[in-house]
Every structure is written in structure tokens, then in C-alpha cells.
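Visitor: Show me how the following folds:
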Amino acid sequence: MLPEDYQRLKEDLLFNGYDPKNPIYIYQDDILDGWNRYVACKEIGGITPTYKEFVGSDSEAIAYVMRTNKRRNLTSSQWAAIAVEAEELIAVIRAEVEKERRTKQAETRKAIEYERDPDGRFAPKDNNESDITQLIVEQVKPRIETSAKLAGTFSTNRTYINEAAKIKKEQPEMFVQIKSGEKTITEIKRDIKKKEVIANLTSIESQNTKKILGIYDVIIIDPPWPMEKIERDVSPNQVGFDYPTMPIEEIKQIKLPVDDNCHVFMWTTQKFLSIAFEVLKSWDVKYIFTMVWHKPGGFQPFNLPQYNCEFILYARRGSPQFIDTKSFNTCFTAARGKHSEKPDVFYDIIRRVTVGRRLDMFNRREIPGFDGWGNESISDE
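Guide: Residues are numbered from 1 along each chain as shown. Predicted structure coming up:
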């Protein structure tokens, strides 16, 4: 109790006397609950508190203390961590559960009737199969019941306690973060998974193997869609593009060098948006979501709105993991560069949320952290 709270307690006792409806609980000759009231009465003098004997087992007594003195600002994850470290309490609860189990087991054994089988050996009668099953169940119940009682005592859940125990054993430095309230068990599990993904995808052995096989964990592709510039009176010389394009059917036949678990980001425009979904199916990757690049200005067809955005369809092969999803939005704003040049902001996002061997197909400039693959490489397949 904080000093100011304790002083208010003493003032209340002096002014109102001791409330008999709020007794000091005694258990095995010790104060179970009400220590501050007991000390305050002794210091004041002349005030006799009310005492009451707590009736129950050791675990019930500890559960009562936890229930009446719990700090409300602790998370369920923190209580799970505390439960894992309450070794004496765990021993008490386990002993009580084991005692109950042995009693039930003995009662069940007494109820089972035996008879001689055709070979002359004693065996349980057929109508006692449920009792035999109960005996088997009793063998595995102690661990479950111990966790359940701990969960009830600390107002958390059994799964959290088991997960906290595993983290304490395998990742002790992360267990400290749970205890301090810095992170929850769910956040720690996410961090552990993230570390595992990064370690697996960035290991030298994994990288070398994928390089030999020519496969990637992340692929960005800007297919050479069969687009043509529109002839305008204001720009009579703008006919055709300065880079080669491919027919849709050839784009569909591109063999992506994907790993078993691979992120695929495909760029497209308004004109080819509907066809782009067909292309993904032909590549045997599963569409998940669409990203939008909002850019200042863009082409405006006659009698239509200005096309001031481009799309990135995200698909995947297998179950690749993003290592960071904070501030990972499906819409981003970035300035325009040279014709058909994709913004650096997009690549910054992909480098932050993915890990592993990355490929940028059909880009016309070098991008740090990505292998490049242009039109001339299609013939290599």
C-alpha cells in the first residue's frame, strides 16, 4: 500500500472505527488478507479488528489472495508469466490434483469387476469398459487440471500459461519482455515467427540453393503490356513506345521463377486490370490484394477521368510471410519519374516487409536489393 493510501486507512479507522464486515482472514495461524489493517490498528492502539478463519486448501488460499489483491493494470500475458514462475504454487496445486486423481483412480478400480477369459486369465467384464477408459483419462488429467487451476488463480488462460512456459524455456530474454509488460505473448510469438522466417530465407545455404535453381522468394514484375501511345495533334511524333511489348498470350506463358513460398507483385494499368487477373491464374499464383500507386497527374482519355494511379496486384505461391505489417498500406502516394519508371517508395516498402532472394522483372533500371531481369532474358526460359 502506498504511504498516502495507508495514511487514509489510519484516518478512516480513527474516525469510523473498525468495520466488522471486513474481517482480517487467518489461515494456518498467518494473516492471509488484511495485513495493512492489522498493522494500522496496532499503531493506533485501542482498536480491535475482527478476525475470521479462512476455510479451504492451500491452493484455494493462494487463489483468494490473488483474487483480492490483484493489480488491475497487469495484462493477461503478464499474469501468465507470473503463474509460470510461481513454482511453490504450482507444486501445491500439482500435489492436490495428484491426490484427487489417486482417490478417484482407487474408487474406479474398486468398481471394476473381473472375470476369467477363455484362456483362464482375469480380465474386466465388458460392461466395465467405461471404467477402464476413465482410468486412462485419469492418467493425463493432472497436467491439464494443474494448468486450469493456475489459470483460474491468475485470471488468465491455460494456453497462455503453457505458451509462457515454452517461451521462458526457449527464449528467456523474450520472457522478460512479457513479465515487464513490454510485449504480450501474442506479440512475442509473432517476433519469434518473424526471426524464424528471416533466418530461413537469409541463410547462406538457402540463398545459394535458390541461386543455383534460379528461383526467388519475392518477384516484382511489370509485364510489357501491348500498349500504344495515342497519336495527338499536339504531339504528332509520339507514336509507339521506345521499348518492346508482348502480346497477352505470350505474357501468360511467362514462367515465373518462384520458390514454393513466394510473394508476387504485378504492375498493371486501367486498360489491362481485368486481364491481369487472368494472367495471374495462368502463372498459377493466388491473388490476395491490390495496391494502388496514387501519382500526381496522368493520362486522361477523351471524355473520361484522368488516370492518375497504377495498380500492383499481389499474389502468392504457397504461404510466404510478411516480416513487418506496420504502416504497410495498400495505397501509397509518390511522385512520377521517367516514363514507365516505378517509384522508389514502392521498393522501400517491399524491402521492409519481405526478406529473401528478390527479383525485379522487366524493370529498366537497377534497384538495390533486387536482381534484374529484362526482356532479353525471356529467351533463357
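Visitor: longest single strand anywhere in this protein?
Guide: What stands out as the longest strand in the chain, according to DSSP state E, is strand 286-299.
Visitor: ok, then the element right after the host helix or strand of F311?
Guide: Element membership of F311, judged by DSSP states H and E, is strand 307-317. The C-terminal neighbour of strand 307-317 among helices and strands, as given by DSSP H and E, is strand 331-333.
Visitor: what residues does that following strand touch?
Guide: With CB atoms under 8 Å, 6 or more residues apart in numbering as the test, strand 331-333 has contacts from M291, V292, W293, H294, K295, V345, F346, I349. C-beta: built from backbone N, CA, C; applies to glycine.
Visitor: Could you check the next helix or strand after it and say which residues are buried?
Guide: Next in sequence after strand 331-333, counting helices and strands by DSSP H and E, comes helix 344-353. Within helix 344-353, the residues that qualify as buried are F346, Y347, I349, I350, V353, counting by 16 or more other CB atoms under 10 Å.
Visitor: Closest to S180 out of those?
Guide: The closest of the buried residues of helix 344-353 to S180 turns out to be V353 (CB to CB; 27.7 Å).
Visitor: which residues does the closest one contact?
Guide: V353 neighbours (CB under 8 Å, 6+ apart): F322, I323, D324, T325, F328.
Visitor: In ChimeraX, how would I select just the buried ones from the residues you listed?
Guide: To isolate the buried ones among the contacts of V353 in ChimeraX, judged by 16+ other CB under 10 Å, type:
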select :323
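Visitor: Looking at the contacts of V353, point me to the pair that's furthest apart.
Guide: The farthest-apart pair in the contacts of V353, when distances are taken by CB to CB, is I323 and F328, at 10.2 Å.
Visitor: Let me know the next secondary structure element after the helix or strand that contains I212.
Guide: Assigned by DSSP H and E, I212 belongs to helix 204-213. Following helix 204-213 in sequence order, the next helix or strand is strand 216-221 (DSSP H and E).
Visitor: Just the residues contacting the strand or helix carrying V176, thanks.
Guide: Assigned by DSSP H and E, V176 falls within helix 172-180. By CB under 8 Å, 6+ apart, the residues outside helix 172-180 that reach it are 77-78, 80-82, 85, 164, 167-168, 183-185, 188, 191-192.
Visitor: Now find how far off-centre that helix is within its chain.
Guide: 16 Å (CA atoms, centre = their mean, to the nearest Å).
Visitor: Next SSE downstream of it?
Guide: Next along the chain after helix 172-180, taking DSSP H and E as the criterion, comes helix 185-202.
Visitor: Report all helices and strands that that following helix contacts.
Guide: Contacts defined by 3 or more CB pairs under 8 Å, 6 or more residues apart in numbering; DSSP states H and E place helix 185-202 against helix 76-85, helix 158-170, helix 172-180.
Visitor: quick one: that helix to helix 172-180, angle?
Guide: Angle, helix 185-202 to helix 172-180, by axes from the mean of the first three to the mean of the last three CA atoms, to 10 degrees: 160 degrees.
Visitor: picking that back up, and the strand holding F311, what does it pack against?
Guide: Counting by 3+ CB pairs under 8 Å, 6+ apart, strand 307-317 packs on strand 258-268, helix 273-282, strand 286-299.
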